[in-house]
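Asks: Fold the stuff below for me.
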Amino acid sequence: MTTSYFSSVINAIKGPFYAAAATSAFSVLFGLLSTDIVLAAGGAAVGQAVLELIPPLKSPAFASFFAALAAGFYSEFAAWFRKRPATVYMIASIIPLVPGGGMYYSMLTSLEGDPATSVQIVLSTLMTAFALAAGLAIANALGRLAFERSRFPRPKAKT
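Replies: Have a look, this model is predicted:
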């Protein structure tokens, strides 16, 4: 009983851990500071956890949208907390979610002479990429609305 519970917990943590590790390595190459590396890795872990929590029913774009939305909100909060641009955390946090494998497999199937499968994979990959972009755009817009007032408070009117 405890062994199966322990293995299920390990399997649930494995994906976000690997996403955080990959983002940490990318962040070092990206030139982030040590605190920013940890925060960007946390954003990748949040995005990957949401991606694994929402089952990709027939379209991975739906799960990718909410994963990008969660990573975007996390990036906006981290940017507000550290007083840095949110794109620093967004770019690094979104790396594990980018559908690079889809483009590889679409090119592979087109070179193998299967155009129908290639078109199907390309369309699925493009829908996932657009869902990631839409999730980040919505998170960026809502994050700016939420945190803009705290960054630049309005001066009080003289009475």
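
Asks: any weak-confidence spans in the protein?
Replies: Applying pLDDT under 70 to the chain picks out residues 1-3, 56-58, 149-155, 157, 159.

Asks: which element is the residue positioned nearest the centre of the chain on?
Replies: Ranked by distance to the mean C-alpha position of the chain (Cα atoms, centre = their mean), the top residue is I94 at 3.5 Å. Using DSSP states H and E, I94 sits in helix 86-94.

Asks: What residues sit buried inside that helix?
Replies: A86, V88, Y89, M90, I91, A92, S93, I94 (16 or more other Cβ atoms under 10 Å). All C-beta atoms are positioned from the backbone trio N, CA, C, and that covers glycine.

Asks: which strands and helices sit next to that helix?
Replies: helix 2-30, helix 34-53, helix 60-82, helix 115-151 (3 or more Cβ pairs under 8 Å, 6 or more residues apart in numbering; DSSP states H and E).

Asks: can you redo the ones you listed as JSON lines with distance to Y105?
Replies: Listed next are these as JSON lines, based on distance: least, Cβ to Cβ, whole Å:
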{"stretch": "helix 2-30", "distance to Y105": "20"}
{"stretch": "helix 34-53", "distance to Y105": "19"}
{"stretch": "helix 60-82", "distance to Y105": "13"}
{"stretch": "helix 115-151", "distance to Y105": "5"}
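
Asks: Adding mean neighbour count and distance to K158 as columns, could you present those in TSV?
Replies: Formatted as TSV, those follow (neighbours: other Cβ atoms under 10 Å; distance: least, Cβ to Cβ, whole Å):
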stretch	mean neighbour count	distance to K158
helix 2-30	14	46
helix 34-53	21	40
helix 60-82	22	29
helix 115-151	16	20
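
Asks: How about the contacts made by the spatially closest residue to L132 that is not a sequence neighbour?
Replies: Leaving aside its chain neighbours, L132 sits nearest to A68 (4.4 Å; criterion: Cβ to Cβ, 6 or more residues apart in numbering). Taking Cβ atoms under 8 Å, 6 or more residues apart in numbering as the criterion, A68 is in contact with G47, I94, L97, A131, L132, A133, A134, G135, L136, A139.

Asks: redo that, cut-off 10 Å
Replies: Taking Cβ atoms under 10 Å, 6 or more residues apart in numbering, we find A68 in contact with 47, 50-51, 75, 90, 93-94, 97-98, 128, 131-139.
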